[in-house]
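S.K.: The sequence isn't on hand, but the structure is:
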């Protein structure tokens with residue numbers, strides 16, 4: 001069985017979320033079918049999730065920053081095999097992990113831009129980028145963090161192996 005992952009960038013799209021594009025490319029190299037969306041494109045992303053679920057794929061979502069709002073919203077109404085969120089912001093509208101979601105992982109930062117936990121995550125991993133908290137810098141670097149990248153790729157590989 002194939003695996004599909006919808007990746008959602010944060011605010012300002014590619015400009016501040018290039019780590020998401022790199023992660024999506026790395027997941028494709030592992031054999032995952034992947035699309036990348038800006039956070040406001042949640043309806044298109046949800047449509048793609050429904051399509052790939054309909055053809056029998058395992059489905060994952062990855063959200064970074066405001067993209068966590070899109071990913072957590074999409075999983076409230078449909079079955080999701082894996083929900084991955086990085087730097088969920090306290091300033092955004094995020095949704096708790098639903099009963100439709102089988103496994104969920106959150107990478108959480110140390111500042112208000114990255115410290116939200118909408119609740120119900122199977123695994124929560126703190127990520128410290130700088131020795132002292134620099135909110136904007138720490139937040140912008142989280143999608144590039146080796147802890148996040150390695151962890152997300154491992155989670156996607158496990159999902160593929162379950163297939």
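M.R.: Sure thing, it's come through. The structure displayed is predicted, hence computed values, not measured ones.

S.K.: Low-confidence regions, this structure specifically.
M.R.: Within the chain, the ranges that satisfy pLDDT under 70 run 12-17, 132-135, 139-140, 142, 144, 163.

S.K.: so which strand or helix has the spatially most central residue of the chain?
M.R.: Ranked by distance to the mean C-alpha position of the chain (Cα atoms, centre = their mean), the top residue is residue 62 at 2.0 Å. Taking DSSP states H and E as the definition, one finds residue 62 inside strand 58-64.

S.K.: elements contacting the helix or strand just after that strand?
M.R.: Scanning forward in sequence from strand 58-64, with DSSP H and E defining helices and strands, the next element found is helix 67-74. Here helix 67-74 touches strand 3-8, helix 42-54, strand 58-64, strand 80-86, going by 3 or more Cβ pairs under 8 Å, 6 or more residues apart in numbering; DSSP states H and E. C-beta coordinates here come from the backbone N, C-alpha and C atoms, glycine included.

S.K.: And the ones you listed: which comes nearest residue 114?
M.R.: Using Cβ to Cβ as the criterion, the shortest distance between residue 114 and those is 8.2 Å, found for strand 80-86.

S.K.: Which residue, other than its chain neighbours, is closest to residue 50?
M.R.: Here the nearest residue to residue 50 in space, its sequence neighbours aside, is residue 78; by Cβ to Cβ, 6 or more residues apart in numbering that works out to 6.7 Å.

S.K.: ok, the one you found touching residue 100?
M.R.: Yes. Residue 78 sits in contact with residue 100 when judged by Cβ atoms under 8 Å, with a separation of 6.1 Å.

S.K.: show me the residues around residue 87 that make contact.
M.R.: Shown here is residue 87, whose contacts under the criterion Cβ atoms under 8 Å, 6 or more residues apart in numbering are 10, 64, 65, 68, 107, 108, 109, 113, 114, 139, 142, 143.

S.K.: Among those residues, which one lies nearest to residue 84?
M.R.: For these, with residue 84 as the reference and Cβ to Cβ as the criterion, the closest is residue 107, at 8.2 Å.

S.K.: what's near enough to touch the closest one?
M.R.: Neighbour list for residue 107: 85, 86, 87, 125, 126, 127, 142, 145, 147, 148, 151 [criterion: Cβ under 8 Å, 6+ apart].
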